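Q: Pasting a predicted model and its sequence here:
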Amino acid sequence: MKKKIIIGCFIFAAALLFAFFNINNKTGIPDRTGSWAHINQSVERSGDWKKIVEDSPFQLGEKSVRGSWNTPDGNGKEDYYEIKFGTYPSIDGSTVAVPMAAEFARQHLGLSDEDANDFACFSTTHYAYENLIMKRPNTLGMFRSTSTFLDENHPVDLIIVTEPSDEEIAMAEQNNVELTIAPVCYEAFVFITHKDNTVESLTVEQIQKIYTGEITNWKEVGGQEKKIKAFQREKNSGSQTAMENMVMKGIPMLPPAMVKVAEGMGMLVDAVGEYENSQSSIGYTYKYYIDTLYKNENIKVLKIDGIAPEPDNLRNKKYPFTTNYYGVIRKEDEQKTGGRFLEWMLSPVGQKCIDQAGYIPIN
């Protein structure tokens, strides 16, 4: 017990030190931790943004002084605070879901873009599943504008994520946790290559053969005679799980030792877009991510079986790799904060908010 208390104090002290050196960053750009390390675009409300939610039952709780620290100029002290989650859920998730969570915070809590972005700080897909299953807190969010930390002891209530991997499903089973998983919007899982590549479309079978090593040259799929440089993501990342489950469907991929593995979606996008890889590289990601969160002018999206990942092709599921983002809670919490908020996300008002954040609503 004493050891746990010491460790907990150490973690909080580290958080304070981190905040002390970043609290005066007034740029409106969140600190590059968690999901924000994989975002190179600003996340802010659009010019035609509308207030959709009125009289929200989801609100943060009591705010109290947690302590004080020296001011940056060293001439005094200022308080820092902690705020409880109240009736609002503690949310974690995938990088691609950050703008959705920020929009929810604007709508329900009336936050500025700066505060909403600080609040919507996610630990990325696999860690979000771990936090939900193990009932751990997401300790990344805070409000720098008011030196306010979120309750560090409140476990994650809800995650907004891509589909779970086999390992994450097994983790839930091993911990006797049943998950409620509900699709909240449509998305396209896409394949990208360098913009100068002459290939515009691949078939599902061609992609499978590229990633098993049967196809090794772009000439074999109608392109120029150049060796294919195929990039993968790390195990248990959201895009790697989608690749294994939706695209390969049990077909073994080349092992990591024989391909290029990118640790992070942004790293993969940049690797495919590198000029020195002109026309040679291929990788995969989510369309919302490269359209909104991480842009690179040197990449393009390939059609699959001649079908582009356009909104209508996702709604009618003509695009072969149509997928979803999901709201996930512990089933035992269906009548608690997480369950009530997930129910709201699927309501007409919740779906309007998801649409306003730039996603394709499920309803």
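A: Good, I have the coordinates.

Q: Could you export stretch 187-203 as PDB, CA atoms only?
A: The C-alpha coordinates for stretch 187-203 follow below in PDB (Å, rounded to 0.1, in the frame of the first residue of the first chain):
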ATOM      1  CA  GLU A 187     -14.900   6.000 -42.100                       C
ATOM      2  CA  ALA A 188     -12.700   4.800 -45.000                       C
ATOM      3  CA  PHE A 189      -9.600   2.700 -44.500                       C
ATOM      4  CA  VAL A 190      -7.400   3.900 -47.300                       C
ATOM      5  CA  PHE A 191      -4.200   3.000 -49.100                       C
ATOM      6  CA  ILE A 192      -1.800   5.800 -49.900                       C
ATOM      7  CA  THR A 193       1.100   6.200 -52.300                       C
ATOM      8  CA  HIS A 194       3.300   9.000 -53.600                       C
ATOM      9  CA  LYS A 195       1.400  11.500 -55.700                       C
ATOM     10  CA  ASP A 196       3.800  10.800 -58.700                       C
ATOM     11  CA  ASN A 197       2.900   7.100 -58.800                       C
ATOM     12  CA  THR A 198       1.100   6.400 -62.100                       C
ATOM     13  CA  VAL A 199      -1.100   3.700 -60.400                       C
ATOM     14  CA  GLU A 200      -4.600   5.100 -59.500                       C
ATOM     15  CA  SER A 201      -6.400   1.900 -58.300                       C
ATOM     16  CA  LEU A 202      -5.600  -1.500 -56.900                       C
ATOM     17  CA  THR A 203      -7.800  -4.500 -56.400                       C
END
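
Q: tell me how far it is from the chain's mean position?
A: Remark: stretch 187-203 is offset 22 Å from the chain centroid, using Cα atoms, centre = their mean, to the nearest Å.

Q: I figured residue 165 hits residue 241, correct?
A: Yes: using Cβ atoms under 8 Å, residue 165 is in contact with residue 241, at 4.2 Å. For glycine as for every other residue, the C-beta is placed from the backbone atoms N, C-alpha and C.

Q: Residue 269 against residue 299, yeah?
A: Yes: with contact defined as Cβ under 8 Å, residue 269 counts as touching residue 299 (6.3 Å).

Q: For the stretch 251-363 of the chain, which segments count as strands?
A: Ranges of strands in the stretch 251-363 of the chain, per DSSP state E, counting those that start in this stretch, are 260-262, 281-286, 299-301, 303-304, 322-330, 360-361.

Q: Let me see the mean pLDDT of the third one.
A: Mean pLDDT, computed over strand 299-301, is 96.

Q: by contact count, what packs against it?
A: strand 179-194, helix 265-273 (3 or more Cβ pairs under 8 Å, 6 or more residues apart in numbering; DSSP states H and E).

Q: Please produce JSON lines containing the ones you listed, extended by distance to residue 140 and mean neighbour count.
A: Output for these, formatted as JSON lines (distance: least, Cβ to Cβ, whole Å; neighbours: other Cβ atoms under 10 Å):
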{"stretch": "strand 179-194", "distance to residue 140": "21", "mean neighbour count": "21"}
{"stretch": "helix 265-273", "distance to residue 140": "17", "mean neighbour count": "22"}
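
Q: among those, which is nearest residue 308?
A: strand 179-194 (9.0 Å; Cβ to Cβ).

Q: Following element in sequence after that closest one, please.
A: strand 201-202 (DSSP states H and E).

Q: That next one: partners in the sheet, and parallel or antiparallel?
A: Paired neighbours of strand 201-202 in the sheet (DSSP bridges): strand 303-304 (parallel).

Q: Please compute how far the strand it pairs with lies from its chain's middle.
A: Distance, centroid of strand 303-304 to centroid of chain: 24 Å (Cα atoms, centre = their mean).

Q: Output the below-cut-off pLDDT ranges for the protein.
A: The model of the chain has pLDDT under 70 over residues 1-33, 256-265, 275-278.

Q: Please indicate which of the strands of the stretch 251-363 of the chain has the most neighbours on average?
A: Burial of these is given as mean neighbour count (mean count of other Cβ atoms under 10 Å); strand 281-286 ranks first at a mean of 25.

Q: what is the orientation angle of that strand with helix 265-273?
A: 150 degrees (axes from the mean of the first three to the mean of the last three Cα atoms, to 10 degrees).

Q: In contact with the residue of the chain positioned farthest from its centre, which residues?
A: Distance from the C-alpha centroid of the chain, by Cα atoms, centre = their mean, peaks at residue 75 (40.4 Å). Residue 75 makes contact with no residue, according to Cβ atoms under 8 Å, 6 or more residues apart in numbering.
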